[in-house]
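Next come a sequence and a model predicted from it.
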Amino acid sequence: MPLMRLAPRYGITDKGLAKICSRLNVPYPPSGYWLKVNAGKSPAKVALPPAQGGTRDYVIITPTPEPSSEELEAESAFAKALEHFKAIEVCKTLRGQHPAVAELIADHDRRFAEAKREQRMWGGSSPRVGPLTEVDHRIHRFLSTFLKEAGKVGFNHVTAAYVQSGKIQIEFSLEQYWPQFRRTLEPHERSPFRPNQKWTQEISTTSQLRFRFLTKLWRGAPSVWIDDPDSPLEGRIGEILATLVAAIPFLERKRIAEEGKERVRIETERRRQQEEIRRKIEKNRWRRFSELSERWHAASRIRSFIAQLEVKSSLADDPLAGGLSRDEWLAWVKQRLSVHDPLEAGVDAIWSNLSGVTSLDYSD
């Protein structure tokens, strides 16, 4: 089994598993080994060498949980799709290229022509956009074949960055691969500010291509392919297409499950908000009732005070005060009292007032 598919079972990457094998001096199949096996060839197997001094006899890798039924179905679908796509070959020319590829080439031609004009106008040794290279042509041929085959198997919307089937969108990238490596620094290259630095990280210039699925697929699914002389990327397009096809049912079930969780979350939040509003309304209604009670008690005290005023006023003269007579003042007070006393409008008005209370009536 390829390291790329074996490693996820232990919760690590294929590179991580390869490093463990290297530390224990355990040989593992080189790149392209399994392609030769699938092609019916019998590549040589490297025998397990004797253990070196200090090498541990074993290493413990904590395994990941058992694959789910959905992941097992995806693996089965991948195997079937791989058989279907094994005869697919990348086109040798760009005749009849996919429209998305034609658009990429046309866009490059426009930018290249513009760069040439700027070079003639402003001078310079070379334009900022160069002509298409052989690597670019490889990318276009591979991408054209990939998009055409994706369209044949139900992807109704395909671009140079993603393919879509129904509501499922799978993003990918196809680019020139620029691997990084460590280079030991010579003594004269070391910075005086970092005298202990022994190496630097550099980028290697290669003509290799790398295809990646940027959308997360099922656990254990291959997601990165890098070509090399023994295993060019063109020979692995069938595996890439098989992965794409197998991912659709898995991602669709995942989407439905996530939408179900989102509906539950939204419903839970809606109920929480409704309960919060209900509690606020109950609190505000009680506050309003208490205010009405206070107004009624105040009205009762005022009514007693008015009665005393009427008794005292009957024993005295009726001079004008502020331009109003005694009776006019009493009429004004009684009119204000009728507005202040909540029972003046009747008991039903109390219940109607409480029923109209909302959660926004009080800010504190």
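Received the coordinates, thanks.

so where's the longest strand in the protein?
Counting residues, the longest strand found in the chain (DSSP state E) is strand 168-176.

Report the strands that pair with it, each with its relative direction.
Take DSSP bridges as the rule and strand 168-176 pairs in its sheet with strand 162-165 (antiparallel), strand 209-213 (antiparallel).

for these, which one sits closest to Tyr177?
strand 209-213 (3.9 Å; CB to CB). To be clear about C-beta, it is placed using only N, CA and C from the backbone, and glycine gets the same treatment.

from the chain's centre, how far out does the closest one sit?
Remark: strand 209-213 is offset 20 Å from the chain centroid, using CA atoms, centre = their mean, to the nearest Å.

related to what we said a few turns ago, let me have the strands paired with strand 168-176 in a markdown table, extended by mean pLDDT and mean neighbour count.
Formatted as a markdown table, the strands paired with strand 168-176 follow (pLDDT from 0 to 100; neighbours: other CB atoms under 10 Å):
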| stretch | mean pLDDT | mean neighbour count |
| --- | --- | --- |
| strand 162-165 | 94 | 18 |
| strand 209-213 | 95 | 19 |
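
What segments of the stretch 101-250 of the chain are helices?
134-152, 237-314 (DSSP state H, counting those that start in this stretch).

which residues are contacting the helix or strand just after the longest one?
Which is helix 237-314. Tracing the chain C-terminally past helix 237-314 and defining elements by DSSP states H and E, one meets helix 326-340 next. Helix 326-340 is touched from outside by 295, 298-299, 302-303, 306, 309-310, 313, 318, 321, 324, 344, with contacts defined as CB atoms under 8 Å, 6 or more residues apart in numbering.

pLDDT weak spots in the stretch 101-250 of the chain?
Across the stretch 101-250 of the chain, the ranges flagged by pLDDT under 70 are 125-127.

still on that earlier bit, okay, angle between the longest strand of the chain and helix 237-314 too, please.
In this structure, strand 168-176 runs at an angle of 130 degrees to helix 237-314, with axes from the mean of the first three to the mean of the last three CA atoms, to 10 degrees as the basis.

quick one, strand 168-176 and helix 134-152 angle?
Using the same axes, to 10 degrees, the direction of strand 168-176 lies 160 degrees away from that of helix 134-152.

roughly how far is strand 168-176 from the heart of the chain?
Strand 168-176 has its average C-alpha position 15 Å from the chain's average C-alpha position, going by CA atoms, centre = their mean.

Now it - C-alpha only, PDB.
Taking Å, rounded to 0.1, in the frame of the first residue of the first chain, the C-alpha atoms of strand 168-176 are listed here in PDB:
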ATOM      1  CA  ILE A 168     -20.300  20.300  -4.200                       C
ATOM      2  CA  GLN A 169     -17.300  22.400  -5.300                       C
ATOM      3  CA  ILE A 170     -13.800  21.000  -5.200                       C
ATOM      4  CA  GLU A 171     -10.900  23.400  -5.500                       C
ATOM      5  CA  PHE A 172      -7.600  22.300  -6.900                       C
ATOM      6  CA  SER A 173      -4.200  23.700  -8.100                       C
ATOM      7  CA  LEU A 174      -1.900  22.600 -10.800                       C
ATOM      8  CA  GLU A 175       1.400  24.400 -10.800                       C
ATOM      9  CA  GLN A 176       5.200  24.100 -11.200                       C
END
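
Please identify the buried residues of that strand?
Going by neighbour count (16 or more other CB atoms under 10 Å), the buried part of strand 168-176 is 168, 170, 172, 174.

Over to stretch 277-287?
Buried, per 16+ other CB under 10 Å, within stretch 277-287: 280-281, 284-285.

need these in JSON lines with distance to His140 and pLDDT, can you?
Conversion of the buried residues of stretch 277-287 to JSON lines gives the following (distance: CB to CB, whole Å; pLDDT from 0 to 100):
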{"residue": "Lys280", "distance to His140": "63", "pLDDT": "95"}
{"residue": "Ile281", "distance to His140": "65", "pLDDT": "96"}
{"residue": "Asn284", "distance to His140": "68", "pLDDT": "95"}
{"residue": "Arg285", "distance to His140": "71", "pLDDT": "96"}
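
which parts of stretch 352-360 are buried?
Of the residues in stretch 352-360, those buried (16+ other CB under 10 Å) are 353, 357.

Give me the distance between the residue nearest to Pro2 when sequence neighbours are not counted and Leu82.
If the residues on either side of it in the chain are set aside, Pro2 comes closest to Trp34, at 5.1 Å by CB to CB, 6 or more residues apart in numbering. Using CB to CB, to the nearest Å, one gets 11 Å for the distance from Trp34 to Leu82.

how close does the residue nearest to the spatial centre of the chain sit to Thr243?
If you average the C-alpha coordinates of the chain and look for the closest C-alpha using CA atoms, centre = their mean, you land on Thr215, 9.7 Å from that point. The span separating Thr215 from Thr243 equals 11 Å under the rule CB to CB.

Alright, that wraps it up for me.
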